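Novice: sequence plus predicted model, see below.
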Amino acid sequence: MFDWLIVMLGGTTKRELAVHTAVCDGWRDRCLAAETTVTLFKDIVERERERSDKIETDIRNRMHPENGMQGPPGMKPVGHALSSWPRIRRELEKSHRVNDNAEVSREEIEKTIRQG
């Protein structure tokens with residue numbers, strides 16, 4: 001009833017205070033929800049990153065195990081040009097040549113390889 005007098009004198013009514021309080025409470029709730037969402041999102045992203053790192057290291061270890069795996073031979077270019085296939089083959093044969101002091105002769109080894 002006296003709301004028009006309160007507004008004329010520059011005051012606020014009970015209804016305006018209730019609306020203002022409801023608006024402030026709504027924004028406060030939205031801010032808390034946004035903070036919670038950001039925290040949950042960061043947690044989810046962190047767990048996903050850890051999981052992908054674990055999967056990546058597992059795949060890397062399966063592809064290239066550190067122990068027991070023989071690496072490729074150390075091939076260096078022969079001469080001044082890049083190595084050609086005949087040169088690479090000769091280098092591989094030279095690096096995997098059977099010792100002369102072996103108990104089994106080279107001919108016997110070649111014979112068993114050819115027979116299967």
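Specialist: Yep, that arrived.

Novice: okay, residue 50: pLDDT?
Specialist: What the model reports as pLDDT for residue 50 is 95.

Novice: now do the SS call for it.
Specialist: Classification of residue 50 by DSSP: H, G, I helix; E, B strand; the rest coil places it in helix.

Novice: state the number of residues packed around it.
Specialist: Using other Cβ atoms under 10 Å, residue 50 has 10 neighbouring residues. Where you see a C-beta, it was placed from the backbone N, CA and C, and this is true even at glycine.

Novice: repeat that for the one 5 residues further on.
Specialist: As a burial measure, the neighbour count of residue 55 was computed by other Cβ under 10 Å and equals 10.

Novice: same check on residue 87?
Specialist: Using other Cβ under 10 Å, residue 87 has 15 neighbouring residues.

Novice: and if you look at residue 18?
Specialist: Neighbourhood size, residue 18 [other Cβ under 10 Å]: 10.

Novice: what about it, which helix or strand?
Specialist: helix 14-63 (DSSP states H and E).

Novice: with just CA atoms, put stretch 109-116 into PDB.
Specialist: These are the backbone C-alpha positions of stretch 109-116, laid out as PDB (Å, rounded to 0.1, in the frame of the first residue of the first chain):
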ATOM      1  CA  ILE A 109      75.800 -75.300 -42.600                       C
ATOM      2  CA  GLU A 110      74.900 -74.300 -46.100                       C
ATOM      3  CA  LYS A 111      73.900 -77.900 -46.900                       C
ATOM      4  CA  THR A 112      71.500 -78.100 -43.900                       C
ATOM      5  CA  ILE A 113      70.100 -74.600 -44.800                       C
ATOM      6  CA  ARG A 114      69.400 -75.700 -48.400                       C
ATOM      7  CA  GLN A 115      67.800 -78.900 -47.200                       C
ATOM      8  CA  GLY A 116      65.400 -77.000 -45.000                       C
END
